[in-house]
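**Student:** Any chance you can model this:
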Amino acid sequence: MLGVWQARRHKLAQLVGDSPVLLWSGARQPRNFPANTYPFRASSHFLYFAGLSLENAVLAIEPGGTILFWDEPPPSYALWHGDSPQGEALAACLGAAACYPKSKLKEYPSLNRALTIPVPSVLGEQREILGTVPQLDPRLALAIVECRLTQDEWALQEMRRSAKVTMAAHLAGMEATPRSQTCAQVRGAIEGVIIAHDCTTAYNSIVTTQGQVLHSETYSHPLNPGDLLLVDVGAEVPSGWATDVTRTYPVTGKFSPSQKAIYEIVLQAQLAAIAMIRPGVEYQDVHLQACHVLTEGLVDLGILRGNPADLVAEHIHSAFFPHGVGHLLGLDVHDMEDLGDLAGYAPGRTRSTAPGLKYLRLHRPLQAGMVVTIEPGFYQVPSILSDPLYQPFINWEKLEELRDVQGIRIEDDVLVTPTGGEVLTQALPKTIADLEAVLV
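**Tutor:** Down below sits the predicted model:
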């Protein structure tokens, strides 16, 4: 795959012109004492252009080629961690002209005009070598966005592999749910499949009966009859590429009438949003399409009062659907969000402060090769529902009938193709009939 990394670096060098680029991979972080560390995961920007998750390394990229700066471990390293590659072998593997010790980085001829990105785990080292606290350079950030915004064929191959593992893990969780007593047991079944495929989770798993808590990381809740289980879990393959999928289903295997009604509305909102995916479509319009379908369903059900179009225009739907319909996906589950809104928002665009738009993570026209998530939801969050903005529009008596629906989200990953959208996670059941068939 050497040609893939070289092509990516060549494109980056062309975009930034005569300024060299220094990319740090980062370092392990201790949990509570130096020898007990969290697993290492290289900075995604380094990983994208190097192709190797190499610790404590710096990649210097310029039009004439690439140089690797990396210190070979001492002989004692082998006792604890096994043999390590030699610098020359690493340089050849990633197509660098040479590999020098990191002490030589201070002698790099173009150091004073190099562009870089701060990496939290090595900020001290960056400051010591560069002589100043590194700042995010907008020119470099925008060049990286242009490189990473759409996925090349090798990346898509890895994302399909990640999706396959993720779907297998979700199925294992569904099959384990009827015989499980707690969320933790379902989580164990899911993550066991991910680990067995030599993968990690792309983010902290969400396996909860408290679906109204969007990023819940509590797994001790019991599974009681009548509960809905919201499972938001994605695998990351060894090369770093991620998947992000959510399914919501009843722990006893059968949706109640109220759960079925809300679930079907969320599903129709998701399908309508996915149907819009194609190059040139504004992602915000995809979001608003989901909002319209969801709002129409809630009006028909008697939960909201008013004209659906007017309710969306006034952001009343955000009482039950407060977040955006999705985000970019790639080497990170929220791809390139360490760059702030430079990746998610097209140049000249800024976040809205309106309730129904302020959490939108992606606001730019879709392009072929992008991978995005589509994940509408319905949530009953007391602190949101108590906002005076929503009071006149909610039928509280009807809403009381939905006490067994605290949170529902349905999420898939969609590749923007030249003619439309391809759902990479299509094979995972999500209709009511298909879910109930798996959960028997």
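**Student:** C-alpha only now, for contacts and for neighbours.
**Tutor:** Fine.
**Student:** can you pull the contacts of residue 147?
**Tutor:** 8, 11-12 (Cα atoms under 8 Å, 6 or more residues apart in numbering).
**Student:** let's see it at 7 Å
**Tutor:** Taking Cα atoms under 7 Å, 6 or more residues apart in numbering, we find residue 147 in contact with residue 12.
**Student:** The one 4 residues further on now?
**Tutor:** By Cα under 7 Å, 6+ apart, residue 151 lies in contact with 369-370.
**Student:** measure it to residue 293 for me?
**Tutor:** Applying Cα to Cα, to the nearest Å, the value for residue 151 to residue 293 is 30 Å.
**Student:** mind listing what residue 190 touches?
**Tutor:** Residue 190 makes contact with 169-170, 172-173 under the criterion Cα under 7 Å, 6+ apart.
**Student:** where in the protein is pLDDT low?
**Tutor:** Residue ranges of the chain with pLDDT under 70: 1.
**Student:** per the record, what domains does it have?
**Tutor:** Here the domain parsing of the chain from automatic domain parsing is 2-148, 153-438.
**Student:** and the longest one, how far from the chain's centre?
**Tutor:** What that stands for is domain 153-438. Its chain's C-alpha centre and that of domain 153-438 lie 12 Å apart, by Cα atoms, centre = their mean, to the nearest Å.
**Student:** tell me which of the contacts of residue 190 is nearest to residue 24?
**Tutor:** Nearest to residue 24, judged by Cα to Cα, of those is residue 169 at 32.7 Å.
**Student:** Apart from its neighbours in sequence, what residue is nearest the closest one?
**Tutor:** Spatial nearest neighbour of residue 169, excluding adjacent residues (Cα to Cα, 6 or more residues apart in numbering): residue 190 at 4.6 Å.
**Student:** ok so, going back, please identify the deepest-packed of the domains of the chain.
**Tutor:** Comparing the domains of the chain by mean neighbour count (mean count of other Cα atoms under 10 Å), domain 153-438 ranks first with a mean of 20.
**Student:** and that domain, how far apart are its ends?
**Tutor:** 33 Å.
**Student:** quick one, helices of the stretch 301-440 of the chain?
**Tutor:** 308-313, 382-385, 396-399, 432-438 (DSSP state H, counting those that start in this stretch).
**Student:** which residues touch the last one?
**Tutor:** This means helix 432-438. Outside of helix 432-438, the residues within contact range by Cα under 7 Å, 6+ apart are 174-175, 253-254, 429.
**Student:** again, only using 8 Å
**Tutor:** Residues from elsewhere that reach helix 432-438 (Cα under 8 Å, 6+ apart): 174-175, 249, 253-255, 260, 264, 429.
**Student:** from these, which single one is nearest residue 284?
**Tutor:** Nearest to residue 284 out of these is residue 264 (Cα to Cα; 22.5 Å).
**Student:** still on that earlier bit, would you turn the contacts of residue 190 into TSV with distance to residue 125 and secondary structure?
**Tutor:** TSV is the format used below for the contacts of residue 190 (distance: Cα to Cα, whole Å; DSSP: H, G, I helix; E, B strand; the rest coil):
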residue	distance to residue 125	secondary structure
169	39	helix
170	41	helix
172	44	helix
173	43	helix
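**Student:** What is the most widely separated pair among the residues you listed?
**Tutor:** Farthest-apart pair in the contacts of residue 190 is 169 and 173; separation 6.3 Å (Cα to Cα).
**Student:** Quick one: the contacts of residue 190 as JSON lines, columns for distance to residue 123 too.
**Tutor:** Output for these, formatted as JSON lines (distance: Cα to Cα, whole Å):
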{"residue": "169", "distance to residue 123": "36"}
{"residue": "170", "distance to residue 123": "38"}
{"residue": "172", "distance to residue 123": "41"}
{"residue": "173", "distance to residue 123": "40"}
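**Student:** ok, of those residues, which one's closest to residue 350?
**Tutor:** Nearest to residue 350 among the contacts of residue 190, counting by Cα to Cα, is residue 170 at 35.6 Å.
**Student:** so who does that closest one touch?
**Tutor:** Per Cα under 8 Å, 6+ apart, neighbours of residue 170: 190, 231, 233, 428.
**Student:** got JSON lines for these, with distance to residue 347 too?
**Tutor:** Listed next are the contacts of residue 170 as JSON lines, based on distance: Cα to Cα, whole Å:
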{"residue": "190", "distance to residue 347": "39"}
{"residue": "231", "distance to residue 347": "34"}
{"residue": "233", "distance to residue 347": "31"}
{"residue": "428", "distance to residue 347": "36"}
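**Student:** want to throw those residues into JSON lines with secondary structure and distance to residue 377?
**Tutor:** Formatted as JSON lines, those follow (DSSP: H, G, I helix; E, B strand; the rest coil; distance: Cα to Cα, whole Å):
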{"residue": "190", "secondary structure": "helix", "distance to residue 377": "22"}
{"residue": "231", "secondary structure": "strand", "distance to residue 377": "13"}
{"residue": "233", "secondary structure": "strand", "distance to residue 377": "16"}
{"residue": "428", "secondary structure": "coil", "distance to residue 377": "18"}
